[in-house]
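Student: With the input below, show me the fold.
(4 chains)
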2 protein chains.
Amino acid sequence: MSIDKSKACLTLGQIEEWLKKAGVNATAQRLAICQFVLCQADHPTADDIKVWADDNFPKISLATVYNTLNTLVEAGLLREYCFPHSEKKIYDNNIVDHYHLYDEATHRLIDVSPEVVTVDHAKLKNANIKRADLILYGSILNEEK
Amino acid sequence: MSIDKSKACLTLGQIEEWLKKAGVNATAQRLAICQFVLCQADHPTADDIKVWADDNFPKISLATVYNTLNTLVEAGLLREYCFPHSEKKIYDNNIVDHYHLYDEATHRLIDVSPEVVTVDHAKLKNANIKRADLILYGSILNEEK
DNA sequence: GTTAGTGCAAATCCTTTGCAAGCCG
DNA sequence: CGGCTTGCAAAGGATTTGCACTAAC
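Tutor: Below you'll find the model as predicted:
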């Protein structure tokens, strides 16, 4: 059901290249944030990232966390979402089109393949749909993928 | 494509009854807000309602607008949504399950029948889905319904 | 040395809250 | 009177901004 995240656990060197390729300077703070967001975090909020950074990096200000996230989103390296169950924005390192399932039992967000949902364009004849955002609410019955 | 809103244009007396039936006291402020939200407004924000109220009611404070909206949502008389294209909450007098289409040309939100979207539960075998929130982004090619 | 990036604090936006005053039975 | 509603102003949380400071080419 979930989508594999093949980007998981890159080396710092690989992250540096990945940033450069997108035209983003690889500063120490950005590398640290990327390492967390790409390899360890699962749909983190800006605050989650700040908490992690405080424990794992000499010093990063909240403003830098936000700046970095916005930079990465603009560069297309990260996706930003906002769902009804929380006011906070969440960041997703999966930049392939996909949907989400919010597991109400564990409060975790799970990536869902786009094939799970079909939009009947025939019933929307007079509309030109570019993009769809879907979130499912429910619970996972078991952990098998 | 859109869903008909059969509740449109109730009299004050009808709104009063409708509130009472839901266990909500019909104060002057609440009646005014309901009249706007049910009859004239199209997916308004709290601010839209305040602006209308300032022009059409002796005095309503912003706090009362928010209090009233929360009361109506809790009573199940109104639905509250939050979409990625705006930080503000929007209120919908259509309390039947449905989805939305955001028309990027006019910045209007259009109700979409749930039949337009199919969730393939077979592909989500290990999940128990209770609810889905979907928003489509695109544009309307013509205004015929 | 410039230019980009950072840190801090203040500012902003939307929404909620505390509390005194008003209204209605 | 007594409880529910109101209005106001202050507080709150998330994110952004202004600006001086630092760092890196």
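Student: What strand or helix carries the residue nearest to A:Asn56 when sequence neighbours are not counted?
Tutor: Excluding its sequence neighbours, the residue lying closest to A:Asn56 (C-beta to C-beta, 6 or more residues apart in numbering or on different chains) is A:Ala32, at 7.0 Å. Quick note: C-beta positions are derived from backbone N, CA and C, even for glycine. For A:Ala32, the enclosing helix or strand under DSSP states H and E is helix A:28-35.
Student: who does that helix touch, helix- and strand-wise?
Tutor: Contacts defined by 3 or more C-beta pairs under 8 Å, 6 or more residues apart in numbering or on different chains; DSSP states H and E place helix A:28-35 against helix A:12-21, helix A:46-56, helix A:62-74.
Student: So which residues make contact with the next helix or strand after the longest one?
Tutor: Looking back up the chat, that one is helix A:62-74. Note on helix A:62-74: by DSSP H and E, the next helix or strand toward the C-terminus is strand A:79-82. Residues from elsewhere that reach strand A:79-82, judged by C-beta atoms under 8 Å, 6 or more residues apart in numbering or on different chains: A:43, A:69, A:73, A:88-95, A:100, A:133, B:82-84, B:87.
Student: Show me the domain layout of chain A.
Tutor: Using automatic domain parsing, the domain ranges for chain A come out as A:12-82, A:96-138.
Student: Out of those, the one nearest B:Arg108 is which?
Tutor: Of all those, domain A:96-138 sits nearest to B:Arg108, with 12.0 Å by C-beta to C-beta.
Student: thinking again about what came up before, compare the mean pLDDT across the domains of chain A and name the weakest.
Tutor: Looking over the domains of chain A, mean pLDDT reaches its minimum on domain A:96-138, with a mean of 89.
Student: Is that domain positioned near chain B?
Tutor: Yes. For domain A:96-138, a contact with chain B is found by C-beta under 8 Å from any C-beta of the partner chain, at A:101, A:104, A:112-113, A:115-120, A:123-138.
Student: Give me the contact status of that domain with DNA strand D.
Tutor: No. Domain A:96-138 lies out of reach of DNA strand D by C-beta under 7 Å from any atom of the strand, never closer than 14.2 Å.
Student: For the residue nearest the centre of chain A, give its distance to chain B.
Tutor: The structure's chain A has its C-alpha centroid closest to A:Asp92; by C-alpha atoms, centre = their mean the separation is 0.2 Å. Going from A:Asp92 to chain B by C-beta to the nearest C-beta, to the nearest Å gives 12 Å.
Student: And A:Asp111, by the same measure?
Tutor: 12 Å.
Student: ditto for A:Lys21
Tutor: A:Lys21 is 27 Å from chain B, by C-beta to the nearest C-beta.
Student: Sweet, I'm off.
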